[in-house]
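Novice: this one's sequence-less:
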Ligand code: PHE
Ligand code: ZN
């Protein structure tokens, strides 16, 4: 709860720590109804500061102080000051030791921050500021310490006792208890601390590093999940190898452990040597996890592993620098996934996600720069901007420097700052020093919020044979930032001739052409580039690979977009041309719907998609991506005022028309791919993902026709398939269909079969929560009463309530405001149980400015009701108050 009236913390107020903690010795005595934590902190005055001895203020929350000593001297209440968030005392020498004992209650910790219990095991989550709920400490990332941890627990229920680093001693005690001591040789901030105690099994493997050191790899799970770990283990080994090959980074301890827990606020956590994962990001096998889940496991395992260097060996000075580790690590994991699977498809998925969700965040009341300069609750800043836009910023640096200089820069960064807590400026400086490229102006990407607009126009001079592209950039105002300075925008582009070939590119003033795809840096508010030797009017292919996170506009007509769809040498831009064509067609339908006219689909979209479907030489995953129309959330984001019903109706109308017009080619490709799936055992590899993705999107279109042979095919796939990707798609297709009886039967059979698998049940909840059939809210309310549902488990909350509010837009935005009221009710309950989840869940309401005045009023009223509902956590208070400001 808000203790010190929701103070805002500012980057400009940063001060180095007064004291350092050289060593941290922790002892945990874990019991069923409480835990005792003893901490011995070996401390000294920060030598970089003056020699006087200011008061020492330790962070601590929800701790019951039992004992406190300074250099072996027992302190009494007169010797220190205690508030509900701090403990202050006066050191008398430059070097000293503090011993404290506190009692905490992991067994009743529902916020899942600090030490808590999940499915009977003890585990921790300390990032960002959870360690202060474990013991009194300097809980800030620039205080790094060497940790030794002893934990003791009842042996039968908690046979496995883990912490960071290497195991150095263990033993048993009388009364059926046992203990273990772990020592982490690397200095680390408290947010990377972890412990686990539970009844866990593990799969063990080994990795030999570049310099021939053997590392033991262990993945711990609940015994019933031991058959779902191999994919994560394979992913870990691939990640370790990739980081050696691509970044020259080797693992540094003798053991690397991952533990899967069922109750976790986020995806996973990179604690040194002991990563703790949401089980949804570890467990995967064909029968229970979809292709998307397999890819997510691979990506998250890689992400957390990569943090060992980008995050742990080099960490953040303060939490304003969060993107230093997160943006960089997302960029690293995205490149890893691109190398393991299809590069173009990975880029398409990431860009679609960024443009739908991060762009919306950047246009809303919580918009903030990649390096924010103020926050109330840091947990609210684990955002799409810090992660995904932060990764785009790194990608742009990579684009501007080129691969070789970028690698030199990262080598220099790791070498210069190993063992330090640093800033985004330090990172950029290393990139500049290694490359000789000045990034001063580029750094505006770190300090200015909002999504830049880049408007492009062309002029062709047939006589002079010159072709000029004129760029105009601007950036809308965001909270606290009304005027923006020009960004450095790397625009990769090519020029296509009438046959669709890339022209050689020579800019005015250059001696010769170089390349057919080039990166131009747009650095001014208005800037033109002239290409010479251009004999005929070309068609530009702009922002290839989405080389900058901007909203680019160029006045393409639909025929030009169809041409680019077929001919652009850049795969990403072929997809992008298809998206732009679809957007134009859908916006036309939206207009027709709003004017009460009959909807008429532009047949060029049908033609374009038919061409794709008939070309068997194309990558099937690409065809699947290109068949997917822009989502309702994306259409909302690009609308001036989002008309929920018009968007939904227009898109559904287009899907229906496409399904009917393209029935034959869709049916043919569906059957061919299903046939292959039937005859091939499941493999979690790109080529197989591709085949199934085309098969499944084809099926979802086909079902819109309601033909009996499609129903039969769906039921066949549902019953006979050997994997969750095909089964869940068949289920989702039935759930969205008019076949009520079959739908009911399939849902029931699915739940019966998978009732003991929580992660599969999450999928079952999501499929129903996302169904746009009428009465969605009533169905969600019924599902909340299902025995497998609980508000205490974040995965369940996301699967049911999150999916309803985030994916079922027509039902969530019901004109009577019932969806808003429902969401606010859940936020109010969760505020007390789990503030982080409450505050994340509330995001859809914060977007009220996007909608028409009736919906605006209804959404605002719910935000106001939350604000007035009683004592709010800092998490919820910050988001609600900023949304209403
Ligand atoms: N640092 C984690 C990651 O991105 C995310 C996380 C943040 C997890 C805060 C838990 C709490 O890898
Ligand atoms: Zn991360």
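Specialist: Thanks, I have it. Only a predicted model underlies this, so the values are computations on that prediction, with no experimental measurement involved. Ligands and ions are numbered 1, 2, ... in the order given.

Novice: so which strand or helix has whatever residue of the stretch 701-850 of the chain ends up closest to ligand 2?
Specialist: The nearest approach of the stretch 701-850 of the chain to ligand 2 comes at residue 836, 15.5 Å away (CB to the ion). In this view, the C-beta of every residue, glycine as well, is placed from N, C-alpha and C. Here residue 836 sits within helix 835-841, counting by DSSP states H and E.

Novice: got the buried residues for stretch 238-245?
Specialist: By 16 or more other CB atoms under 10 Å, the buried positions in stretch 238-245 come out as 238, 239, 240, 242, 243, 244.

Novice: same check, this time on stretch 663-672
Specialist: Buried residues in stretch 663-672 (16+ other CB under 10 Å): 663, 665, 666, 667, 669, 670.

Novice: okay, now the unreliable bits of this structure?
Specialist: The model of the chain has pLDDT under 70 over residues 1-5.

Novice: kindly recompute the last result at 80.
Specialist: Along the chain, segments meeting pLDDT under 80 span 1-6.

Novice: kindly report the residues of it close to ligand 2.
Specialist: Listed as neighbours of ligand 2 in the chain under the rule CB under 5 Å from the ion: 326, 329.

Novice: could I get the contacting residues of residue 607?
Specialist: Applying CB atoms under 8 Å, 6 or more residues apart in numbering to residue 607 gives the contacts residue 562.

Novice: for residue 242, grab phi and psi.
Specialist: Dihedral angles of residue 242 (phi, psi; degrees, to the nearest 10) stand at phi -60, psi -40.

Novice: list the contacts of the residue of the stretch 701-850 of the chain closest to ligand 2.
Specialist: Neighbouring residues of residue 836 by CB under 8 Å, 6+ apart: 111, 112, 113, 265, 379, 875.

Novice: near ligand 1, which of the residues you listed show up?
Specialist: The subset of those within reach of ligand 1, by CB under 6 Å from any ligand atom, is residue 265.

Novice: now the contacts of residue 836 in a markdown table, with secondary structure and neighbour count?
Specialist: Formatted as a markdown table, the contacts of residue 836 follow (DSSP: H, G, I helix; E, B strand; the rest coil; neighbours: other CB atoms under 10 Å):
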| residue | secondary structure | neighbour count |
| --- | --- | --- |
| 111 | coil | 21 |
| 112 | coil | 24 |
| 113 | coil | 25 |
| 265 | coil | 20 |
| 379 | helix | 24 |
| 875 | helix | 26 |
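
Novice: and the furthest pair within the contacts of residue 836?
Specialist: The two members of those with the most space between them (CB to CB) are 112 and 875, at 12.5 Å.

Novice: and for the closest residue to residue 883 other than its chain neighbours, the neighbour number?
Specialist: Once flanking residues are discounted, residue 883 sits nearest to residue 846: 4.1 Å by CB to CB, 6 or more residues apart in numbering. As a burial measure, residue 846 scores 21 neighbours (other CB atoms under 10 Å).

Novice: how is this structure divided into domains?
Specialist: As given by the TED database, the domain ranges for the chain are 1-198, 200-282, 313-552, 554-740, 755-884.

Novice: closest residue of the stretch 151-300 of the chain to ligand 2?
Specialist: Closest point on the stretch 151-300 of the chain to ligand 2, by CB to the ion, is residue 270, at 6.2 Å.

Novice: who's in contact with that residue?
Specialist: 192, 303, 304, 305, 307, 308, 311, 312.

Novice: give the contact list for the residue in the chain that ligand 1 sits nearest to.
Specialist: Closest to ligand 1 within the chain is residue 266: 3.6 Å, counting by CB to the nearest ligand atom. Contact analysis of residue 266 by CB under 8 Å, 6+ apart lists 278, 382.

Novice: any idea whether it is helix, strand or coil?
Specialist: coil (DSSP: H, G, I helix; E, B strand; the rest coil).

Novice: on the three-state scheme, residue 364 is what?
Specialist: coil.

Novice: tell me how many other residues crowd it.
Specialist: If we define neighbours as other CB under 10 Å, then residue 364 has 18 of them.

Novice: how far away is the residue of the stretch 151-300 of the chain closest to ligand 2 from residue 465?
Specialist: Separation of residue 270 from residue 465 (CB to CB, to the nearest Å): 55 Å.

Novice: list phi and psi for the residue with the largest distance to the centre of the chain.
Specialist: When distances are taken from the C-alpha mean of the chain, residue 463 lies farthest, 51.0 Å away, according to CA atoms, centre = their mean. Main-chain dihedrals, residue 463, degrees, to the nearest 10: phi -70, psi -50.

Novice: for the residue in the stretch 1-150 of the chain that ligand 2 sits nearest to, grab phi and psi.
Specialist: With CB to the ion as the measure, residue 127 is the residue of the stretch 1-150 of the chain nearest to ligand 2, at 8.9 Å. Dihedral pair for residue 127: phi -70, psi 140, per degrees, to the nearest 10.

Novice: just use 30 as the starting number from now, easier for me
Specialist: Okay, residue one is now 30; in that scheme the one you just asked about reads as residue 156.

Novice: and the stretch 80-229 of the chain, which residues reach ligand 1?
Specialist: 154, 156.

Novice: quick one on the thing from earlier: tell me the contacts of the residue of the stretch 30-179 of the chain closest to ligand 2?
Specialist: Counted by CB under 8 Å, 6+ apart, residue 156 has contacts 220, 221, 298.

Novice: tell me if I'm right that the last one and residue 289 touch.
Specialist: Same thing as residue 298. No. With contacts counted by CB atoms under 8 Å, residue 298 stays clear of residue 289, the gap being 11.8 Å.

Novice: between the two, who's got more neighbours?
Specialist: Using other CB under 10 Å, the more surrounded residue of residue 298 and residue 289 is residue 289, with 28 against 25.

Novice: part of a strand, is that one?
Specialist: Yes. Residue 289 sits within a strand when classified using three-state DSSP.

Novice: that one contacts residue 312, correct?
Specialist: Yes. With contact defined as CB under 8 Å, residue 289 reaches residue 312; the gap is 6.3 Å.

Novice: who touches both of those two?
Specialist: In terms of CB under 8 Å, 6+ apart, residue 289 and residue 312 are both contacted by the residues 250, 254.

Novice: dump the buried residues of stretch 692-701 to JSON lines, plus distance to residue 586 and secondary structure.
Specialist: Listed next are the buried residues of stretch 692-701 as JSON lines, based on distance: CB to CB, whole Å; DSSP: H, G, I helix; E, B strand; the rest coil:
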{"residue": "692", "distance to residue 586": "29", "secondary structure": "helix"}
{"residue": "694", "distance to residue 586": "26", "secondary structure": "helix"}
{"residue": "695", "distance to residue 586": "27", "secondary structure": "helix"}
{"residue": "696", "distance to residue 586": "32", "secondary structure": "helix"}
{"residue": "698", "distance to residue 586": "29", "secondary structure": "helix"}
{"residue": "699", "distance to residue 586": "33", "secondary structure": "helix"}
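
Novice: now find how far off-centre the helix ranked longest in the chain is within its chain.
Specialist: As assigned by DSSP state H, the longest helix anywhere in the chain is helix 600-623. Its chain's average C-alpha position is 26 Å from that of helix 600-623, according to CA atoms, centre = their mean, to the nearest Å.
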